[in-house]
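K.L.:
sequence first, predicted coordinates after that:
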4 protein chains.
Amino acid sequence: MRSVIPDYLAEALGDVESDTSGQLADYIPELAEADPDRLGAVFATVDGEVYGAGDIDTEFTIQSISKPFTYALALADRGFAPVLAKVGVEPSGEAFNQISLESDTGRPFNPMINAGAITAHSLAGPEGMNPAERVERVVRGLSAFAGRRLRMDEAVCVSEMEHAHRNLAIAYMLRGYGILTEDPRAVVEGYIRQCSVLVTARDLAMMAATLANRGVNPLTGERVIREPVVRQVLSVMSTCGMYDAAGDWATQVGIPAKSGVAGGLIGALPGQIGIATFSPRLDAHGNSVRGVSLFGRFSSDMGLHVMEVPAAARAIVRSNHVVGGGGPNAVRVLQLQGGIGFAGAERVVREAVNTAPEEVRVVLDLTMVYAIDDVARRMLLEVVRRLTLDGHEMYLVDPESIMPDPDPGDGGRVTVVTDMEQAVFSPHTVAQSGSRPTKRET
Amino acid sequence: MRSVIPDYLAEALGDVESDTSGQLADYIPELAEADPDRLGAVFATVDGEVYGAGDIDTEFTIQSISKPFTYALALADRGFAPVLAKVGVEPSGEAFNQISLESDTGRPFNPMINAGAITAHSLAGPEGMNPAERVERVVRGLSAFAGRRLRMDEAVCVSEMEHAHRNLAIAYMLRGYGILTEDPRAVVEGYIRQCSVLVTARDLAMMAATLANRGVNPLTGERVIREPVVRQVLSVMSTCGMYDAAGDWATQVGIPAKSGVAGGLIGALPGQIGIATFSPRLDAHGNSVRGVSLFGRFSSDMGLHVMEVPAAARAIVRSNHVVGGGGPNAVRVLQLQGGIGFAGAERVVREAVNTAPEEVRVVLDLTMVYAIDDVARRMLLEVVRRLTLDGHEMYLVDPESIMPDPDPGDGGRVTVVTDMEQAVFSPHTVAQSGSRPTKRET
Amino acid sequence: MRSVIPDYLAEALGDVESDTSGQLADYIPELAEADPDRLGAVFATVDGEVYGAGDIDTEFTIQSISKPFTYALALADRGFAPVLAKVGVEPSGEAFNQISLESDTGRPFNPMINAGAITAHSLAGPEGMNPAERVERVVRGLSAFAGRRLRMDEAVCVSEMEHAHRNLAIAYMLRGYGILTEDPRAVVEGYIRQCSVLVTARDLAMMAATLANRGVNPLTGERVIREPVVRQVLSVMSTCGMYDAAGDWATQVGIPAKSGVAGGLIGALPGQIGIATFSPRLDAHGNSVRGVSLFGRFSSDMGLHVMEVPAAARAIVRSNHVVGGGGPNAVRVLQLQGGIGFAGAERVVREAVNTAPEEVRVVLDLTMVYAIDDVARRMLLEVVRRLTLDGHEMYLVDPESIMPDPDPGDGGRVTVVTDMEQAVFSPHTVAQSGSRPTKRET
Amino acid sequence: MRSVIPDYLAEALGDVESDTSGQLADYIPELAEADPDRLGAVFATVDGEVYGAGDIDTEFTIQSISKPFTYALALADRGFAPVLAKVGVEPSGEAFNQISLESDTGRPFNPMINAGAITAHSLAGPEGMNPAERVERVVRGLSAFAGRRLRMDEAVCVSEMEHAHRNLAIAYMLRGYGILTEDPRAVVEGYIRQCSVLVTARDLAMMAATLANRGVNPLTGERVIREPVVRQVLSVMSTCGMYDAAGDWATQVGIPAKSGVAGGLIGALPGQIGIATFSPRLDAHGNSVRGVSLFGRFSSDMGLHVMEVPAAARAIVRSNHVVGGGGPNAVRVLQLQGGIGFAGAERVVREAVNTAPEEVRVVLDLTMVYAIDDVARRMLLEVVRRLTLDGHEMYLVDPESIMPDPDPGDGGRVTVVTDMEQAVFSPHTVAQSGSRPTKRET
């Protein structure tokens, strides 16, 4: 059997192929001479599978798609406060060639416009790096996102530098405001080198998948950035990534995205996939015409919109029953299932409160639970603690250790076992959390 | 045992209670005379549970929090195209008292600013409604979101109308552009009545929960709006809901939200909960000071940020094994688990492709699956169809009918059974989709 | 002999007649149905002569040309400070349909845009006037500028009021800022009545001539406004009168001007003439196409640009000589000529200093002087005073009493006579200013 | 006797001396270290007299006061069209540190803001000049305005260049739009050299007087620029010279002006004087605090406002009488006086029309006329021509040849004589213009 996904991608490409509207970027010869008919699309899953169709291994320059990643590197290398002091997070509602600095401070509105991206470039790497070292740090960082060593297109570098008047204007303006503290020309040169990095649609999908995978490259397993940085970058992409069409994109596509003038376009669905398309003709906003069409289709066909409300999950509490007869040996069992976040944990809490079990022994059975996030963990442990304080003996059936660090805290106590048998038939216990830390018993 | 959630809310309120910064809205006496110390917070789950702490049953005027709901009503009553023609979806990046019309068409930037909200009010109800009918339609709509009949504060209506100069200015401007087609004064009066609807924090949480629950009120079960409208409203809230602090909110809180000048603040987490807070003192942006603090805390404590990447789910494919021995009776079983969306379905596809099963009979066991969305359904059925075409006999074990309409389409064929026994021991079948539609066998 | 000026005007009209570009204003039927081919031009001199060609007695509505005159009335009726507090004097550089309020105070940028003109209307007449009285005060004022009782076009009033959405928007906005303090609708209605006043090109030229004639209507002799108001109005017309083409107009035409949407256009050259043209087709700025052409031609043909540097005047000091022989009876005579302002007076001062006359008796002969302004008067009297202090006997020959109040002040003394004979042959005098005020001797 | 003007200036300086408000420019050490108490004022008349008080020979850098003069040089060297294509003439209504480029073309709004001034610098001298040659051309041009060879402050040049980030930003932006076509850094360096030219208040007054004197330096007699350029420069100074206080200045002072950050301030009254003040402390607009006060006083004390309506001139027609008795030898004499422009000529035309003289011989006596501008000349000659056609014999008494080229044109004929005797007693003539050109008879 062949996978259905490449077929789907091929079909999608076929549907947009005939759209030859839009124009190549033409401010430098290297972009103006690109093959306008190139067309490719790639899905990269958060566990590293890659599906593609069309021109997915053709190299082109990354251009503005480098912006969210370099912003991520700046946040990672300098921390949030110093970066936020110099680059805002507000959408500018303006075209990509606007300056958009805050009128008093000169702080660029956000890192997705050139002023903010140039500033973010200057903040990549530790303070005191020279321009060449910083370029190396950025290229190394972009390569870590892509999972392979990327290289620059030197001809594009040279050509962009010759047409960098506007970026130089921006950089000098930033220097005037003290947002940049170095030679503006050197920063612009570094930024242009960053934009001249060569990538394929495959690379871009993997870079997006790294964002979708909490900052860990699904291919190499390398943690490129920490989760708070991922969240920040995805948030900014979602409000500022598509220039002045931000609202249209947010409503109609709803995937945090970023486009580049060479025809690339990426999107990252948290926890799901990274997507990349490549088609060089641009619309009036500077976004790839066929790329925008493809993303619209992907979002609609696959329910990938971030505001898509997921189908109501089946009850997290699979069953609430008593085993072991009606006598003193009766055991109350709450059998849970699925992935448990705040909303799921709330149901468990509610069940426990409503049940007000008479049985001394209460079991939370996690056998059919496949994930539990931090807030859910804390809430379940609080249930355990409170039931302990109400006089119950608490058991956690957790054969796959899905619950990390099962310490219910002050006054709570729980026995962790690997199957229901152990919970139902074990002798009663008396130890308390605090005096003797609960141990996972296997 | 008492639920942990009210305790959590009470603790959160306690932490912000001492913050008495900010100012009451004072443009009308009714707001200026509000009790500034009121403080409440409510969580309403998508299945109708309500947790609250503090002043959760105090009535106050809904004000701008009515905006996303009336926008929803307009979209529901008129359809997307007529509404989008008159109200945009772009963040304005401007303060709440700006006019923010597109310079050529006069179209308001978005429905969360007054110009857009006044226009949205005029689009609620079918065309041709008179102003009084429209107000009734809006109040009925807001009531449906809240799950109880809401009423207006007539004193506030009168007072607001006396201070409605700016809204009248906006309405006349909109009338000049042909965005409004009726008497501007009547529209403003209707809009003011909409804003004067009295709600409690409990109501607001339920209204938000209705958005979080795909448009179905969790309390009454009434479908108030369809899902595409929900998605549109949540998207617009996420980019335009918090005035000129949109980017800060999107990065730091990440919950689609809307605030009102009487001190209300709501947030809706798709598929999870609706949240409301009430505290009348406002910051310079016109947002409740303590409300903003509380949302920041809720987002951070509970991982409620929309860009939060969920923990990697346990493998959707729980097991891939052969039962029935190695001979011709061998049956390949793919046991799935959890909620399956695109990303999960992709894993199943991948497993099927990689396995290239030699066994004739292949079973997809959905017993431990608790949800499956539309794209996943189509992908799984395509797997079934392709395996059929490769000569396999396909079985779906689906005891709870989690898979709706299990027709694999042209050339595909599947037998749906309720337990594994039936799949493994049933006689071989030959019927094909198309000649004889697959029936769910129970 | 026929005057050359009507011929010149007729020729100028003939040259622009074939230009049928531009569009009639069409926002109300009354304007849309105007005869687009109407064409007229009038010159009115500051002493009341009127020259015209073409349609100079056709009535049309004054529209925005009422703005500078109503601004003048407001300044006259309320004084400068209260008016400047509510209407600025800065060019907005924006089109005529912009709101252009200062962002913090809501103060309109200037009285030539609608917001400022509506505000100025509300400031005409003493505080406390009701709207009807104010309209009467404005019409009476405009009539005083025109020199005949003007009346309103009631059909236009009604029609404009039906299409007054934008002006109502502006007025409500101004009310919101407290710039207007009355019912915005009543103010707009009054403003519309002001704009609906019917005038002819002849009227407009006379209104402009009243500005050019220091505020005195050349026809009726009535002082309509004081000189400081004239200066203020002309200054504002020169920087803000022609909407967003202010700079083009200032450089190329250089005549303080104002246009109206019904096709009128006026200009006022201080001290020289008032000009009006009438041709209803408008350019994109809302100015009469042929009117703009005519003004360009008038300015260039007749050197009427306010920055035109006048030809260097012949020496103010016509002669500096001694009469009466070389002995003790010798008299030093400075014979002056022309109109004397600061620059002319400076030459007299210089001549007096350089001459350092040895003769006791010094005569300033004003016989050929035809005007002397205040600063020149003060400077000449200071020369007189200083020469008195140096021991000279001073005479002023002033047969036409061109020098008002010839008191040289502390320590000065002068004998005013009507012919040179009296100065040369009068007996020596000794009286001093201060002890006995100098009297004009006739 | 001492001149009253230095006394007046000294008194004016005395009155503002105690105002120590405002701040020194401090963006470079050279300006920050200036003596803040320096204070001087100079009047330079259009015939070269200079009056001063205070620090009038202290050198400081010209800074932005160079802008109107370099703009004049660009207009002179390249012509109007190429300069207007690259620099507009519209007030920007914005602060001096705004970029203010037209959004589509990148054309700076006007030459008084930095963007326009940098562009104007690049347009000084013929096309193809290298930067060093252009600086020399500009310094030579500024020197011609001042009447002495000016030099640069090299330390200020170096320091400004180190702090030129904003100007470099502007220049790169202009280069991006193609407004600049050369290396932006070289242009900025040239512009900075222009701004670093050292001047005294005396120099500045003379530069302003050159503008007031139709472009001819009153001291050296050199024609620096032609009159149309003067008019253009004065117009632009009047609307754009004082940054965002343009309207305040135009109404309250009404003198075309320009200020510099080192404390200089100039004003030019067409046909009258050039004024300069020097006082280094600046207000929030970047204008000299005490300089602004002084100009306000000069304008008010001396009636120097350009919108000041001059006192009504005495009748241009001094007398209209018949000499030579009532018979066939009677001669009609129109005795004119003063300076005659359009308005004066109109009176003569009117007199001639109204008189409808019966006498054959008509004399225009120009003996007491001291100036006649071109339009007046043409109008008077047309009167002559028409009266000739009506059968009159025309005489011009013009002892000082005040009427250039007295040819009345087709069908006209005039005899020019030097005294009335010749006109009254000369034999009748019959020659006609056309057949035999009228000659000036002496």
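P.N.:
On my side now, so go ahead.
K.L.:
output the below-cut-off pLDDT ranges for the stretch 101-250 of chain A.
P.N.:
Residue ranges of the stretch 101-250 of chain A with pLDDT under 70: A:243-244.
K.L.:
where does the closest residue to A:Ala208 other than its chain neighbours land on pLDDT?
P.N.:
Take A:Ala208 and drop its neighbours on the chain: the residue closest to it by CB to CB, 6 or more residues apart in numbering or on different chains is A:Gly274, 2.9 Å away. Every C-beta, even on glycine, is put in place using the N, C-alpha and C of the backbone. Here the pLDDT value assigned to A:Gly274 is 94.
K.L.:
so A:Gly274 lies in a strand, does it not?
P.N.:
Yes: secondary structure assignment places A:Gly274 in a strand (DSSP: H, G, I helix; E, B strand; the rest coil).
K.L.:
helix, strand or coil for A:Val333?
P.N.:
Recorded secondary structure, A:Val333: strand (three-state DSSP).
K.L.:
so how far is C:Gln252 from the residue nearest to A:Ala208?
P.N.:
Counting by CB to CB, to the nearest Å, the separation of A:Gly274 from C:Gln252 is 59 Å.
K.L.:
between these two, who's got more neighbours?
P.N.:
For A:Gly274 versus C:Gln252, the count of surrounding residues by other CB atoms under 10 Å in any protein chain shown is larger for A:Gly274: 26 against 18.
K.L.:
and that one, how far is that from A:Ala76?
P.N.:
Using CB to CB, which is the criterion applied here, A:Gly274 is 19 Å from A:Ala76.
K.L.:
the residue nearest to A:Ala208 against A:Arg202, yeah?
P.N.:
No: look at A:Gly274 against A:Arg202 with CB atoms under 8 Å: they stay out of range, at 10.4 Å.
K.L.:
pull up the overlap in contacts between those two.
P.N.:
The overlap between the contact sets of A:Gly274 and A:Arg202 (CB atoms under 8 Å, 6 or more residues apart in numbering or on different chains) consists of A:Ala44.
K.L.:
please enumerate the strands of the stretch 301-442 of chain A.
P.N.:
Listed in chain order, the strands of the stretch 301-442 of chain A (DSSP state E, counting those that start in this stretch) span residues A:317-323, A:331-340, A:361-372, A:393-397, A:415-417.
K.L.:
can you say which of those strands is nearest to chain B?
P.N.:
For chain B, the closest of these is strand A:361-372, at 3.1 Å, according to CB to the nearest CB.
K.L.:
does the closest one reach chain B?
P.N.:
Yes: against chain B, strand A:361-372 shows contacts by CB under 8 Å from any CB of the partner chain at A:Met368, A:Tyr370, A:Ala371, A:Ile372.
K.L.:
in CSV: those residues, plus neighbour count and distance to chain D.
P.N.:
Putting those into CSV (neighbours: other CB atoms under 10 Å in any protein chain shown; distance: CB to the nearest CB, whole Å) gives the following:
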residue, neighbour count, distance to chain D
A:Met368, 18, 61
A:Tyr370, 22, 55
A:Ala371, 17, 51
A:Ile372, 23, 53
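K.L.:
lowest-confidence one in these?
P.N.:
Minimum pLDDT across these falls on A:Tyr370, with 76.
K.L.:
surely it touches B:Ile340?
P.N.:
No: assessed by CB under 8 Å, A:Tyr370 is found out of contact with B:Ile340, at 11.8 Å.
K.L.:
so what are the domain limits for chain A?
P.N.:
Listed by automatic domain parsing, the domain ranges of chain A are A:4-302, A:317-425.
K.L.:
next one: the residue of chain A most remote from its centre from D:Leu387, what distance?
P.N.:
Going by CA atoms, centre = their mean, the residue of chain A most distant from its centre is A:Gly327, 51.5 Å out. When distances are taken as CB to CB, A:Gly327 and D:Leu387 turn out to be 139 Å apart.
K.L.:
now A:Leu150
P.N.:
Separation of A:Leu150 from D:Leu387 (CB to CB): 92 Å.
K.L.:
and what of A:Ala212?
P.N.:
To D:Leu387, A:Ala212 is 96 Å away according to CB to CB.
K.L.:
the residue nearest to A:Asn320 when sequence neighbours are not counted: neighbour count?
P.N.:
Spatially, and ignoring its direct neighbours in sequence, A:Asn320 is nearest to A:Leu334 (5.4 Å; CB to CB, 6+ apart). A total of 22 residues lie near A:Leu334 under the criterion other CB under 10 Å.
K.L.:
who touches the closest residue to chain C within the stretch 301-442 of chain A in this structure?
P.N.:
Among the residues of the stretch 301-442 of chain A, A:Met307 lies closest to chain C, at 34.0 Å counting by CB to the nearest CB. Under the criterion of CB under 8 Å, 6+ apart, the contact list for A:Met307 reads A:Gly254, B:Val230, B:Arg231, B:Leu234, B:Ser235, B:Ser238, B:Pro256, B:Pro270, B:Val306.
K.L.:
which of those residues fall in helices?
P.N.:
Assigned to helices by DSSP state H, the following of the contacts of A:Met307 qualify: B:Val230, B:Arg231, B:Leu234, B:Ser235, B:Ser238.
K.L.:
and A:Asn213, backbone torsions?
P.N.:
phi -100, psi 40 (degrees, to the nearest 10).
K.L.:
skipping its backbone neighbours, what lies nearest it in space?
P.N.:
Using CB to CB, 6+ apart and skipping residues adjacent in sequence, the residue nearest A:Asn213 is A:Val46, 4.0 Å away.
K.L.:
now do the phi/psi pair for the one you found.
P.N.:
Comment: the main-chain dihedrals of A:Val46 come out as phi -70, psi -10, following degrees, to the nearest 10.
K.L.:
that one: neighbour count?
P.N.:
Applying other CB under 10 Å, we find 24 residues neighbouring A:Val46.
K.L.:
can I assume it is in contact with A:Pro270?
P.N.:
No: checked against CB under 8 Å, the pair A:Val46 and A:Pro270 is beyond contact range at 9.2 Å.
K.L.:
intersection of neighbour lists for these two?
P.N.:
Jointly contacting A:Val46 and A:Pro270 under the rule CB under 8 Å, 6+ apart are A:Ala212.
K.L.:
residue contacts, A:Pro108?
P.N.:
Contact partners of A:Pro108, counting by CB under 8 Å, 6+ apart, are A:Lys86, A:Val87, A:Gly88, A:Ser100, A:Leu101, A:Glu102, A:Ala115, A:Gly116, A:Ile118, A:Thr119, A:Leu174, A:Ile179.
K.L.:
next one: phi and psi at it?
P.N.:
Here the main-chain torsion angles of A:Pro108 (degrees, to the nearest 10) amount to phi -60, psi 150.
K.L.:
tally of neighbours for A:Tyr172?
P.N.:
Using other CB under 10 Å as the criterion, A:Tyr172 is surrounded by 27 other residues.
K.L.:
so who does it touch?
P.N.:
By CB under 8 Å, 6+ apart, the contact list for A:Tyr172 reads A:Pro184, D:His165, D:Arg166, D:Leu168, D:Ala169, D:Tyr172.
K.L.:
quick check: which element contains it?
P.N.:
The secondary structure element spanning A:Tyr172 is helix A:165-177 (assigned by DSSP states H and E).
K.L.:
on contacts alone, who are the packing partners of the next helix or strand after that helix?
P.N.:
If you walk from helix A:165-177 toward the C-terminus, the next helix or strand you reach (DSSP H and E) is helix A:184-195. With contacts defined as 3 or more CB pairs under 8 Å, 6 or more residues apart in numbering or on different chains; DSSP states H and E, helix A:184-195 has these neighbours: helix A:66-78, helix A:114-123, helix A:131-146, helix A:154-162, helix A:165-177.
K.L.:
between the third one and helix A:184-195, how big is the angle?
P.N.:
If I follow you right, that is helix A:131-146. Here helix A:131-146 runs at 20 degrees with respect to helix A:184-195, directions being taken by axes from the mean of the first three to the mean of the last three CA atoms, to 10 degrees.
K.L.:
helix A:131-146 vs helix A:114-123, what angle?
P.N.:
Between helix A:131-146 and helix A:114-123, the angle comes out at 100 degrees (the same axes, to 10 degrees).
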